[in-house]
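In: with the sequence up front, the predicted model follows.
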Amino acid sequence: MAPDPAPQVEMTVLPAWSAPEVSLQPEQLPEARKAADKALAEGRLYQEADDAIPLYLAILALQPQDRAAKRGLDKARQQLRTQATALLAQTENQRQALAQAAERVGVAVALAPEGKAERELAQRIATARRLLALNRAGEQALREHQFGEDGGGAQAAFREVLATDPANSRARQGLAAIESGLIRRAEHAAAVESDFQAAAMWLGKASTIRGEGPTLADARLRIEGIRTAQLDALREGGLRDLTSSKGLKAARQKLEQAQRIALAGDGTVTLLAERIELVTRYGSFRPRQVFSDALQDGSRGPRMVVVPYGTFQMGAEAEEIGANDAERPRHAVRFDRGFAMTITEVTVADFRRFVETAKSRPRATRRGHSIVYDERSGNFIRRSGVDWQSDYNGLKAAPNSPVMHVSVRDAEAYAAWLSEQTGRHYRLPSESEFEYALRAGSQGRYPWGRASVPPENTGNFTGSLDVSPSGRHWNNAFIGYGDGFWGTAPAGIFNANPWGLHDMAGNLSEWVADCWHASYRRAPADGAAWYNPGCRQRVIRGGNWANAPEQTRAAWRQSQDSDVTSARIGFRLVRGI
């Protein structure tokens, strides 16, 4: 690709100046001299008829040999040159300053067309305007990311300025900005694309701008830090994969990625390769087996049930009532291995052990408020003093209540703590794992099948028979259904689904590991979470006690900011087997 040409600039000429007309009679000469001298002393030089230069010129028109008028004009020219020189040195509002300098030099040239000092100032103004235009053109090219790393573009403009004015700070800043832009490209290639060859190429181009220096050295260290972090993540991810539902295939993929980005002899690649070679199979559980892991203090973690492996159709059917494009296209997802999932949503008692042991301060605690149901208004409102210890209405929650008012980060922190306590890898379920477990072999509109009303004792949903403490009824509910609760119910009191899981479709909606994507196009087909590092919008799945029937469908999904805490969102965990 040919380099971008250097921006073209035009020379400008000095503005022509004509003296304002002054009507002067011989008898007025004494007063005119005084007025001219006064105007000169006050710095009023040329703009009005009663300024110094027009008056001196009028005096000389009547008396060409008037020495005082000539001296006055010389002093006025000197003032004009002094002002123009000061304006040339101005770094703020350069375009306006140069225009003002040109105006003054134009007046001085009109007084002394052959004046050496005036000609030099005119040339300096022309040069300054050219350099200003080059700097502005270079800065515009910068804004358009036309760095000119291969010649031309912003770099050519700034280098042309520096060829004339090596100390030009604006051009030097422009080159520094080009260097920074190339470094950003290098860091993007490394951090986002994991393309360290491209990163090295961009750093090489950056080194041609101002040579090797501290800025570039720091960039090289940061990029090597990115490489190290990615290799560490691939190693840890690969090791986790070996004990999760993803298995050897995902671990081998991470090994391939690590080999592509690692330098020769990297220990991360060696370790992961050795572990993959050793691990060929794992797990000794059976489908629907219930178990719990021991914690470090001898107590037990939350009860888990083993979800059988298999394949299912994820998402809404083509003509499903209440569905939307975010739930499509329907697609097959296969689980090559089973996985364990907590039988119920994590409870307040479960979460309390984490908070007290880890000395954690979850999001709502730090923030000092959360979203609760307000019985008086019938709306969800923000209320101070509400956190994970609170119920749906902000009052104190029972130990066996599902924990709510937790963000997805809180849930992930609990999973990390449980992993540390048990030596097993706990995590949020992927979105496909959640829907797979929620459907439990069913492919109907609702988790229990195609019936428009939930079977009795299925879960905590919005039923037309439910009544709030003040006598409210749901406006949009399952007709003829009642579960006896307005708000959350104790975890696990309703019937389990066919795979032994409680409250998958009701009680609370639940955080899953995936980032929000507006559809399932290009979604993983192997049950893995669809996650982009740093994403803010996460996914919740499963209906809750205050959801409309359309939001209790098996395919229903919703985007939530990762910092959200609410009386309608909780979570459960999975772990590999």
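Out: Thanks, I have it.
In: what is the helix or strand bottoming out on mean pLDDT in the chain packed up against?
Out: Every helix and strand of the chain was ranked by mean pLDDT, DSSP states H and E. The lowest is helix 267-278, at a mean of 81. Here helix 267-278 touches helix 214-241, helix 247-261, going by 3 or more Cβ pairs under 8 Å, 6 or more residues apart in numbering; DSSP states H and E. C-beta here means a position set from N, CA and C on the backbone, and glycine is covered the same way.
In: quick one: Gly153 from Arg170, how far?
Out: 16 Å (Cβ to Cβ, to the nearest Å).
In: again with Gly211
Out: Note on Gly211: its distance to Arg170, by Cβ to Cβ, is 20 Å.
In: who has more neighbours out of the two?
Out: Arg170 (18 against 9; other Cβ atoms under 10 Å).
In: can you read off the pLDDT for the more buried one?
Out: Note for Arg170: predicted pLDDT of 92.
In: what is the end-to-end distance of stretch 417-427?
Out: 10 Å (Cα to Cα, to the nearest Å).
In: what does it contact?
Out: 240, 243-244, 293-296, 301-302, 354, 357-358, 360, 412, 415-416, 513, 573-576 (Cβ atoms under 8 Å, 6 or more residues apart in numbering).
In: average pLDDT across that stretch?
Out: Mean predicted lDDT for stretch 417-427 stands at 97.
In: can you list the buried residues in it?
Out: Trp417, Leu418, Ser419, Gln421, Thr422, Arg424, His425, Tyr426, Arg427 (16 or more other Cβ atoms under 10 Å).
In: can you lay out these as JSON lines showing secondary structure and distance to Gly506?
Out: Formatted as JSON lines, those follow (DSSP: H, G, I helix; E, B strand; the rest coil; distance: Cβ to Cβ, whole Å):
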{"residue": "Trp417", "secondary structure": "helix", "distance to Gly506": "27"}
{"residue": "Leu418", "secondary structure": "helix", "distance to Gly506": "24"}
{"residue": "Ser419", "secondary structure": "helix", "distance to Gly506": "28"}
{"residue": "Gln421", "secondary structure": "helix", "distance to Gly506": "29"}
{"residue": "Thr422", "secondary structure": "helix", "distance to Gly506": "28"}
{"residue": "Arg424", "secondary structure": "coil", "distance to Gly506": "28"}
{"residue": "His425", "secondary structure": "coil", "distance to Gly506": "28"}
{"residue": "Tyr426", "secondary structure": "strand", "distance to Gly506": "23"}
{"residue": "Arg427", "secondary structure": "strand", "distance to Gly506": "23"}
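In: how about the nearest residue to Ala567 once chain neighbours are set aside, what does it touch?
Out: Excluding the flanking residues, the one nearest Ala567 by Cβ to Cβ, 6 or more residues apart in numbering is Tyr392, at 4.0 Å. The contact partners of Tyr392, taken as Cβ under 8 Å, 6+ apart, are Val372, Tyr373, Met404, Gly487, Thr488, Trp545, Ala567, Arg568.
In: tell me the pLDDT at the fourth one?
Out: Model confidence at Gly487, given as pLDDT, is 96.
In: nearest residue to it other than its sequence neighbours?
Out: Among residues not flanking Gly487 along the chain, Tyr392 sits closest, at 4.1 Å (Cβ to Cβ, 6+ apart).
In: read off the pLDDT value for that neighbour.
Out: pLDDT, read off for Tyr392, is 98.
In: the one 4 residues further on too?
Out: At Lys396 the predicted local distance difference test score is 98.
In: I'd assumed Val306 was in a strand, is it?
Out: Yes - when classified by DSSP: H, G, I helix; E, B strand; the rest coil, Val306 is found to be part of a strand.
In: so it makes contact with Arg337?
Out: No - using Cβ atoms under 8 Å, Val306 is not in contact with Arg337, being 10.2 Å away.
In: between the two, tell me which one has more neighbours.
Out: More neighbours surround Val306 than the other of Val306 and Arg337, with 20 against 16 (other Cβ under 10 Å).
In: contacts only, for that one.
Out: Val306 is in contact with Phe285, Arg286, Pro287, Arg288, Gln289, Val290, Phe291, Gly338, Phe339, Ala340, Ile577, counting by Cβ under 8 Å, 6+ apart.
In: next up, the contacts around the fourth one.
Out: Residues in contact with Arg288, defined by Cβ under 8 Å, 6+ apart, are Val305, Val306, Pro308, Trp499, Gly500.
In: turn the residues you listed into TSV, including pLDDT and distance to Ala437.
Out: As requested, the contacts of Arg288 are exported to TSV (pLDDT from 0 to 100; distance: Cβ to Cβ, whole Å):
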residue	pLDDT	distance to Ala437
Val305	95	9
Val306	91	11
Pro308	88	10
Trp499	97	6
Gly500	97	10
